[in-house]
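Trainee: the sequence isn't on hand, but the structure is:
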C-alpha cells in the first residue's frame with residue numbers, strides 16, 4: 001500500500017468503527033516504521049499524534065476492538081534485522097503525553113496525582129521533578145563493573161537493537177565509570193543532535209551532493225539525523241555525525257554497591273556525579289503552580305536552546321510515591337509528558353508567489369492552505385530562492401511539511417511525494433521583476449535572484465531613499481527610516497528627486513513631525529545638494545558599490561558622466577573593482593530609468609565638484625596618512641575625511657610610525673598621546689586648512 005492510499009480521506013460511518021480502527025492501526029504501523037526504522041518520517045509528529053488519539057478514542061468506546069498488536073498497547077519502533085536484538089531487563093516504557101499545550105495540562109496532572117494519592121486539599125503540595133522532553137532517540141546504556149558493555153535502542157519497549165559500536169563514538173557517554181558504581185547499571189537517556197551540528201552536517205551533505213557523491217541526502221530535522229547516525233552499520237560514518245546525550249533515568253540496577261535513593265532528583269544528581277550529562281534546566285518544583293511555571297519558562301526559552309525539545313516532562317519526585325502509584329498498560333502513572341504547540345505541521349501549497357525585498361532580492365513564497373503551527377496560523381512559508389525551491393522540489397498542489405519555531409519565518413521542510421498531483425509543474429524563477437518589470441538576474445556564485453530596477457523599483461523604494469539619506473551618503477539629517485516609510489506610503493516620495501520637492505505644510509502634517517522638525521529637514525535637504533562625486537555615487541545604492549569603491553570611481557574618472565558610460569573593461573581599471581562589481585555598475589546605468597533618476601536629481605539642484613581624472617600619484621596629498629581625533633572647530637570629521645581623501649590622502653583610524661599627521665581637535669584622547677610619544681606631527685584646525693590648501697603645515 002502506498003502512502004497516498006494510507007492518507008486517503010476516511011469516510012467511516014458511525015456503525016463501522018472496526019473498519020476505521022483497522023485502517024488507523026495500518027496507518028500508524030506504516031508511519032511508525034518510517035519514523036523509527038527507516039528514519040525517514042513522511043508526516044509530522046502532530047499528524048501522527050492525531051491518528052494515535054483517534055485510535056485510542058475508538059478503542060476506549062469499543063473495548064472489544066482492542067488488539068494485542070495495537071500501537072496503543074506497545075511502544076512504537078521495530079528491530080532492524082541488521083542489528084542484534086537486545087532484550088531489556090527492565091522494559092523501556094513510554095510516558096503518557098498531555099496534548100493540551102496550555103497550562104491546564106500541568107494543572108490536570110497535579111490534580112490527578114493528588115486524587116490517586118488520596119490527598120486532601122489541606123495536605124502539602126506534591127513535589128515533582130520537571131525535565132525537558134528531548135526530540136531525539138531513547139537509549140539504554142548497560143555498564144557491568146563500571147564498563148560500557150552494551151547500548152540498545154528502545155525498539156518496541158521489550159526488545160531493542162544493539163548499537164554499541166555507534167554509541168561508543170559519542171564523546172559525552174563515558175566508556176568506564178568509577179569503581180563505586182553498582183555491578184550492573186543501566187542508564188536511560190536520549191541521544192540527540194545539537195542544532196549547530198545539524199546545520200553543519202547538512203552543509204557537508206549538500207557539498208557532497210554538489211560534488212556528485214552518490215547516495216547522499218540532507219536530513220529533515222536533528223532527530224532524524226541523530227537516529228540515522230545511531231543506526232549506521234559503519235561506526236566510522238556514525239563518528240562523522242556529531243551526537244550528544246542526556247541521561248534521565250535508570251533501567252536494571254543490581255549488585256552490592258547498589259545505592260538507595262529516596263527521590264528521583266537525587267538519582268539524577270548521582271548520574272551527574274558519575275559523569276553523565278544531565279540537562280541543567282532540570283528542576284524540583286512544588287504543586288501545580290511549580291509545574292505551570294516550569295512549562296511557561298521553558299516555552300519562553302525553547303527557541304534559544306541549542307537543541308530541539310517538543311515539551312517538558314513531570315515526574316513525582318518521591319520514589320516511594322512512584323512505587324505506590326505504579327503503572328498502567330504502557331506507561332507510569334507518576335509521570336507525564338506535556339507538549340508544546342507542534343513546530344511542524346502538514347498542509348498544501350496553493351500557489352508560489354515571488355516577493356521583492358527592499359534590497360531587490362526575489363524570494364519565492366509558498367501560499368499555503370491555513371495551518372496552525374508553532375502557536376500561530378500560517379498561510380505563507382519562505383522557499384528562500386530558486387535553488388532551494390528546486391532542491392526541495394516544492395510544487396503547486398504539493399502536500400508539504402511546514403516548520404515554524406518561535407519568531408522564525410515559517411519554511412517548507414519537505415514534500416510528501418506520494419500525495420503530489422500528477423501534473424504539478426516544477427517551479428522556475430521568473431526572468432523579470434514582478435513589481436517593476438526590470439530584468440531579474442542571479443549573479444555567478446550567488447543563490448539569490450535580484451531585480452535590477454534599483455531606484456525605479458517601487459519595492460526597493462524605501463531602502464533606496466533611506467540609503468540615499470545615510471550619513472555617509474548625502475547626509476540628510478532627520479530623515480530616518482520611520483519618516484521614510486511615511487513619505488513613501490503616502491505617495492509623497494516616489495523617486496529620490498521627490499525629496500527635494502517636499503513642502504513644509506506636507507511634512508508638518510506627518511506623524512511625530514512638528515513644524516520645527518519639518519523646517520530642519522528641509523534645511524538638511526537643501527544643504528545635501530552640495531555633495532561630492534564620491535558621496536553621490538555611493539548614495540545611488542548601486543549593488544556592490546560601497547563607500548570605498550565609490551571614492552575610487554570618483555578619483556579614477558573625475559566625472560559622473562564618465563562613470564555612467566564606462567565599459568566593463570574600463571571599470572576594471574579602477575582599484576578594488578573586479579568583474580562582479582564592474583558588471584553591477586554597468587547593469588545599473590544601462591537601465592534607462594536609473595539614468596532618468598540621476599538626471600532628475602541634477603535638475604533638482606544636486607551638484608558636486610568635478611574635474612579631470614588624476615592618477616593616484618598625481619593627487620596633492622598622495623602618499624600621506626592622516627589620523628583625525630577630537631572635535632574640530634572648522635568642520636566635522638566626516639567632512640574633513642572626505643576632503644583629505646579627495647586630495648589623495650589615506651585617513652586611518654589608528655596612529656603608527658607610518659602616520660604622516662595627526663589632526664587633533666578639542667578633547668583629543670589617546671591618539672594624541674600616542675602621536676606625541678612617536679614624534680608624529682600634530683596639526684590643529686589651522687594646520688588642517690593649510691594641508692587642504694596644498695600647503696605644507
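Mentor: Here it is on my side, so go on. Quick caveat, the model's predicted, so the values are computed rather than measured.
Trainee: doesn't residue 421 belong to a strand?
Mentor: No. Judged by DSSP: H, G, I helix; E, B strand; the rest coil, residue 421 forms no part of a strand; its state is coil.
Trainee: could you measure from it over to residue 427?
Mentor: The span separating residue 421 from residue 427 equals 14 Å under the rule CB to CB, to the nearest Å. Bear in mind the C-beta positions are built from the backbone N, C-alpha and C, glycine included.
Trainee: which residues are in contact with the nearest residue to residue 324 once chain neighbours are set aside?
Mentor: Sequence neighbours aside, residue 117 is the residue nearest to residue 324 in space, at 7.2 Å (criterion: CB to CB, 6 or more residues apart in numbering). Contacts of residue 117 were listed using CB atoms under 8 Å, 6 or more residues apart in numbering, and they are 126, 321, 324, 325.
Trainee: max pairwise distance over these: which two?
Mentor: Using CB to CB, the two most remote members of the contacts of residue 117 are 126 and 324, lying 12.0 Å apart.
Trainee: neighbour count: those two, which is higher?
Mentor: Taking neighbours as other CB atoms under 10 Å, residue 126 and residue 324 compare with residue 126 leading, 23 against 13.
Trainee: do you know the pLDDT at the closest residue to residue 333 other than its chain neighbours?
Mentor: Nearest residue to residue 333, sequence neighbours excluded (CB to CB, 6+ apart): residue 325, at 4.2 Å. Per-residue confidence for residue 325 comes out at a pLDDT of 93.
Trainee: what does residue 410 give?
Mentor: Residue 410 carries a pLDDT value of 88.
Trainee: circling back: among the contacts of residue 117, which one lies nearest to residue 672?
Mentor: Each of the contacts of residue 117 was scored against residue 672 by CB to CB, and residue 126 proved nearest at 68.7 Å.
Trainee: how close does that closest one sit to residue 284?
Mentor: Separation of residue 126 from residue 284 (CB to CB) stands at 11 Å.
Trainee: coming back round to it: what's the local residue count around the residue nearest to residue 333?
Mentor: Using other CB under 10 Å, residue 325 is surrounded by 18 other residues.
Trainee: pretty sure it contacts residue 116?
Mentor: Yes. Contact between residue 325 and residue 116 holds when scored by CB atoms under 8 Å: they sit 6.0 Å apart.
Trainee: shared neighbours, the two?
Mentor: Common neighbours of residue 325 and residue 116 (criterion: CB under 8 Å, 6+ apart): residue 333.
Trainee: next up, the contacts around residue 689.
Mentor: With contacts defined as CB under 8 Å, 6+ apart, residue 689 is in contact with residue 634.
Trainee: tell me the mean pLDDT over the helix or strand hosting it?
Mentor: Taking DSSP states H and E as the definition, residue 689 sits inside helix 685-692. Averaging pLDDT along helix 685-692 gives 86.
Trainee: quick one, what contacts residue 226?
Mentor: When contacts are counted by CB under 8 Å, 6+ apart, residue 226 touches 136, 137, 191, 192, 193, 241, 243.
Trainee: just the buried members of the residues you listed?
Mentor: Listed as buried from the contacts of residue 226 are 136, 137, 191, 192, 193, 241, 243; burial here means 16 or more other CB atoms under 10 Å.
Trainee: residue 433 contacts residue 453, doesn't it?
Mentor: Yes. If you go by CB under 8 Å, residue 433 and residue 453 touch, sitting 5.6 Å apart.
Trainee: show me the common contact partners of these two, please.
Mentor: Joint contacts of residue 433 and residue 453 (CB under 8 Å, 6+ apart) are residue 360.
Trainee: mind listing what the nearest residue to residue 495 once chain neighbours are set aside touches?
Mentor: Using CB to CB, 6+ apart and skipping the chain neighbours, the partner closest in space to residue 495 is residue 597 (5.5 Å). Contacts of residue 597 were listed using CB under 8 Å, 6+ apart, and they are 455, 456, 495, 496, 497.
Trainee: now render the contacts of residue 117 as TSV, adding distance to residue 692.
Mentor: Putting the contacts of residue 117 into TSV (distance: CB to CB, whole Å) gives the following:
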residue	distance to residue 692
126	80
321	84
324	89
325	86
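Trainee: I'd like to know which of these are part of helices.
Mentor: Among those, the members falling in helices are 321, 324, 325 (criterion: DSSP state H).
Trainee: tell me how far the first one lies from residue 126.
Mentor: As judged by CB to CB, residue 321 and residue 126 stand 8 Å apart.
Trainee: what's the distance between residue 225 and residue 311?
Mentor: As defined by CB to CB, residue 225 lies at a distance of 20 Å from residue 311.
Trainee: sorry, wrong one. I was asking about residue 327.
Mentor: When residue 327 is compared with residue 311 (using CB to CB), they lie 21 Å apart.
Trainee: and the two? Which one has more around it.
Mentor: Just comparing residue 327 and residue 311: by other CB under 10 Å the higher neighbour count belongs to residue 311, 23 against 13.
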